[in-house]
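Undergrad: return a 3D structure for these sequence lines:
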Amino acid sequence: WLRSSCMQLRMMVASSFPRDGLEIAPNSDYERLPISEEVQDQFDAAHASTYLVSAWDSFECPAEACQESVNAETLAEERGSPHNLPTGVRQTVLRGMSELIASAGLGESAWFKAADLLDASAPALAQTDELGLLHVLPALSVAIVNLLRKTEVTVDRLQDIDLSTWAIPIALQLFHGGLEVPLNVTHGDVLVQESRMLRALEWKVFLPSVESWITLLGARLRMLVHTNLVEMVCWVNDRSIFAARFLVMWRSRADRSCAKALACGLFALHLVLAGMLSLEVLRPYHIQADQWQHLFLESQPHVDMVPQPNLPQEIERDVHHACLRASNSSPQALRAASFLTVDRLRSALALVWG
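TA: As a prediction, this is how the structure comes out:
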């Protein structure tokens, strides 16, 4: 139906972009597209300002550097680093925290934050705890959820909870999994781990997560496209978060500063799956087209062939530019993020398939 109303859609989508920026393409792969003041005002009104993107960017590192961190993490796993949680143990803890988060009335975003805190604090705690990280996992897991509860639940809804009872389900799951963990965790044990975690992270607790970035990108992109495309963008947003949960469950992030790169990569790849963007525009220059398609398909096990854009070419170009504006990224940065994400998905799927 989009093709049948090509001219009408071009006019409508064009009206969503600043007229002084619609025809502007980056002069360099390393330059960002301009955003008009009118659109900036819309972002501000929706609490999705470019200032917020820039502030979050200060915690990030380039996707190329993230790739180096990923390679280092993979090497550490292959060598059996004692500071990394085994995949099965980590997944047990994440599932246990997911249940605690639900019982505490917190949203899905809290689970991503909990996973981030676990991955960030575990290596530091493993080096300082005489009994070892596995021994304190039940108390640490409850400490993470309790910290989220105290920061996300309003004071009038915050109730006193016996934290020792929260630790029992996770401790039992780990014990039945063959780990020697204490089944009796006291309220004081939880508070001790909370304090140790805060010190280990130097109080840098709530950095933007992959889910936070995806939600922000989706909000900005919906304001940059015409209403006829908003429903498709919502689908892309939801599927990106679903994929992010899978990615976080199976592969811990090598660095907390890679959240934006993974979020941009997931969002861009799902724009391809939605037929809104060509896979070719995301191809890194050092990879041949056929190889890039092969890597993409390996990262998407339920897709038999590379989807082709079902939008008119000019509108597809505008979607690409909207994606760059939404993420405040250069074309090169978006390509690097896409490559990083494909690599991470392929690595996670390799673990799933054994």
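
Undergrad: make it CA atoms for all contacts and neighbour counts henceforth
TA: OK.

Undergrad: number of nearby residues for residue 230?
TA: When neighbours are defined as other C-alpha atoms under 10 Å, residue 230 has 17 of them.

Undergrad: contacts only, for it.
TA: Neighbouring residues of residue 230 by C-alpha atoms under 8 Å, 6 or more residues apart in numbering: residue 222.

Undergrad: sticking with it, tell me its helix or strand.
TA: Taking DSSP states H and E as the criterion, residue 230 maps to helix 227-250.

Undergrad: what ranges of the stretch 151-300 of the chain fall below the confidence cut-off?
TA: Residue ranges of the stretch 151-300 of the chain with pLDDT under 70: 153-161, 252-257.

Undergrad: now the helices for it?
TA: Using DSSP state H, counting those that start in this stretch, the helices of the stretch 151-300 of the chain run over 163-176, 187-200, 210-224, 227-250, 259-273, 289-299.

Undergrad: what residues sit buried inside the helix holding residue 230?
TA: Within helix 227-250, the residues scored as buried using 16 or more other C-alpha atoms under 10 Å are 229-230, 232-234, 236-241, 243-245, 247-250.

Undergrad: and for stretch 132-142?
TA: Within stretch 132-142, the residues that qualify as buried are 133, 134, 135, 136, 137, 138, 139, 140, 141, 142, counting by 16+ other C-alpha under 10 Å.

Undergrad: just the closest of those to residue 210, please.
TA: Nearest to residue 210 among these: residue 141, at 19.9 Å, using C-alpha to C-alpha.

Undergrad: so the closest one sits right up against residue 95, yeah?
TA: No. Taking C-alpha atoms under 8 Å as the definition, residue 141 is not a contact partner of residue 95, at 10.5 Å.

Undergrad: got a list of what residue 166 touches?
TA: 100, 142.

Undergrad: go again with 10 Å.
TA: By C-alpha atoms under 10 Å, 6 or more residues apart in numbering, the contact list for residue 166 reads 96-97, 99-100, 103, 138-139, 141-143, 145-146, 185-187, 190.

Undergrad: filter those residues to the buried ones?
TA: The neighbour count (16+ other C-alpha under 10 Å) marks 96-97, 100, 138-139, 141-143, 145-146, 185-187, 190 as buried among those.

Undergrad: mind putting these into a markdown table with secondary structure and distance to residue 58?
TA: A markdown table is the format used below for those (DSSP: H, G, I helix; E, B strand; the rest coil; distance: C-alpha to C-alpha, whole Å):
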| residue | secondary structure | distance to residue 58 |
| --- | --- | --- |
| 96 | helix | 32 |
| 97 | helix | 29 |
| 100 | helix | 31 |
| 138 | helix | 33 |
| 139 | helix | 32 |
| 141 | helix | 28 |
| 142 | helix | 30 |
| 143 | helix | 27 |
| 145 | helix | 26 |
| 146 | helix | 27 |
| 185 | coil | 38 |
| 186 | coil | 38 |
| 187 | helix | 36 |
| 190 | helix | 32 |
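
Undergrad: going by distance to residue 316, which of those wins?
TA: residue 97 (40.6 Å).

Undergrad: can you tell me how far residue 44 sits from residue 209?
TA: According to C-alpha to C-alpha, to the nearest Å, residue 44 and residue 209 sit 21 Å apart.

Undergrad: er, residue 85 actually
TA: From residue 85 over to residue 209 the distance is 20 Å, taken as C-alpha to C-alpha.

Undergrad: and those two? which has more neighbours close in?
TA: Neighbours of residue 85 and residue 209, each counted by other C-alpha under 10 Å, are more numerous for residue 209; the result is 26 against 21.

Undergrad: which non-adjacent residue is nearest that one?
TA: residue 259 (5.6 Å; C-alpha to C-alpha, 6 or more residues apart in numbering).

Undergrad: same check on residue 229?
TA: Nearest to residue 229 is residue 222, by C-alpha to C-alpha, 6+ apart, at 8.0 Å.

Undergrad: that neighbour: how many residues sit nearby?
TA: Residue 222 has 21 nearby residues by other C-alpha under 10 Å.

Undergrad: right, and it touches residue 48 too?
TA: No. Residue 222 is not in contact with residue 48 according to C-alpha atoms under 10 Å; the separation is 11.0 Å.

Undergrad: stretch 272-280: end-to-end distance?
TA: For stretch 272-280, the end-to-end distance is 9 Å (C-alpha to C-alpha).
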